[in-house]
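Undergrad: Attaching a predicted model along with its sequence, questions to come.
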Amino acid sequence: MPNWESIEVIGFDLDNTLYPVTPEIDEVIQNYIHEQSAAILGIDFDEAKRRFDSYYRGGQGLSGGKTLAAMGVQSERDIVQDALERADVASTLSPDPELVQFIDDLSQSFRSVDLLTGSSAEQTYAKIKALGLIATQFGLIITADDLSKSTGEAYQAWLDHYHGLSAASFLYVGDRKRVDSDIPAELGIATALVNTTAEPTAATPVYPDLASFGYAVLSGRSS
């Protein structure tokens, strides 16, 4: 469990963290996957969708990545991740006043509230706007167009941005165990996960949603 009082800078993932995945988002993401797989396989969109559905929804019980692999699509994991980060998810989002207030509340309690995301810069700013947030609510924004979280470069740049602060002063919140918890933890950053089925650990608590995380961190700061 993070020592809330020692945290000075808090950073968030964007996708499935500041907002949860919905059926509408799933549809946008799957359409992006169909477009990419159609181009790779040299078939039309409808045929790509039919093949995907025959594995994914046709009783095969395969994940998105394994479905693409079964279809003969190369770099299937890259396509799925690319879809999560580059599909036009912003068009499905709507303003969230509670989220806006939550970020404002955190800004009063921490030195800085930052955003480190695997989304492209274009999609990041479109999603921020669609959620009713403004970019200046975040002290620092690092997108996939800047540096990669998967390699740890984004997290190292985040640490380097704040001269004089140790890694123990940082907390990162995301939804994926490997990219959002394991990698920053290797740099000494405290982590927490939301909107995920990952198992909680002593070092990385898991919360069912952002609201429950917010209650824990704000009450922990005030206790």
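TA: It's in. Numbering: from 1, shown residues only.
Undergrad: Assign Ser212 to helix, strand or coil.
TA: helix (DSSP: H, G, I helix; E, B strand; the rest coil).
Undergrad: which ones are touching it?
TA: Going by Cβ atoms under 8 Å, 6 or more residues apart in numbering, Ser212 touches Val194. Heads up, the C-betas are built off the backbone N, CA and C, glycines and all.
Undergrad: From Pro205, how far off is it?
TA: For Ser212, the distance to Pro205 equals 10 Å [Cβ to Cβ, to the nearest Å].
Undergrad: three-state assignment of Gly188?
TA: Three-state call for Gly188 (three-state DSSP): coil.
Undergrad: my read: it touches Ala167, true?
TA: Yes. Using Cβ atoms under 8 Å, Gly188 is in contact with Ala167, at 3.2 Å.
Undergrad: Between these two, tell me which one has more neighbours.
TA: Ala167 (16 against 13; other Cβ atoms under 10 Å).
Undergrad: which residues does the more buried one contact?
TA: 159, 187-189.
Undergrad: Buried among those? Make that a PyMOL selection.
TA: Those of those that count as buried under 16 or more other Cβ atoms under 10 Å are selected in PyMOL with:
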select buried, resi 159+189
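Undergrad: what's the residue nearest to Gly214 when sequence neighbours are not counted in contact with, if anything?
TA: Excluding the flanking residues, the one nearest Gly214 by Cβ to Cβ, 6 or more residues apart in numbering is Phe102, at 5.3 Å. Residues counted as contacts of Phe102 (Cβ under 8 Å, 6+ apart) are 210-211, 214.
Undergrad: give me the element Phe102 is part of.
TA: Using DSSP states H and E, Phe102 falls within helix 97-109.
Undergrad: Please parse this structure into its domains.
TA: Under the assignment automatic domain parsing, the domains of the chain span 4-19+93-222, 23-90.
Undergrad: Using PDB, write out every CA atom in the helix holding Phe102.
TA: Output in PDB follows, covering the C-alpha atoms of helix 97-109 (Å, rounded to 0.1, in the frame of the first residue of the first chain):
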ATOM      1  CA  PRO A  97     -18.100  16.800 -14.100                       C
ATOM      2  CA  GLU A  98     -17.100  14.400 -11.200                       C
ATOM      3  CA  LEU A  99     -13.800  13.600 -13.000                       C
ATOM      4  CA  VAL A 100     -13.100  17.200 -13.500                       C
ATOM      5  CA  GLN A 101     -13.700  18.000  -9.900                       C
ATOM      6  CA  PHE A 102     -11.600  15.000  -8.800                       C
ATOM      7  CA  ILE A 103      -8.600  16.200 -10.800                       C
ATOM      8  CA  ASP A 104      -9.100  19.600  -9.300                       C
ATOM      9  CA  ASP A 105      -9.200  18.200  -5.800                       C
ATOM     10  CA  LEU A 106      -6.000  16.200  -6.400                       C
ATOM     11  CA  SER A 107      -4.300  19.300  -7.600                       C
ATOM     12  CA  GLN A 108      -5.000  20.900  -4.300                       C
ATOM     13  CA  SER A 109      -3.400  18.000  -2.400                       C
END
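Undergrad: Each with direction, which strands does whatever helix or strand comes next after it pair with?
TA: Per DSSP H and E, the first helix or strand lying C-terminal to helix 97-109 is strand 112-116. If you go by DSSP bridges, strand 112-116 pairs up with strand 9-12 (parallel), strand 141-142 (parallel).
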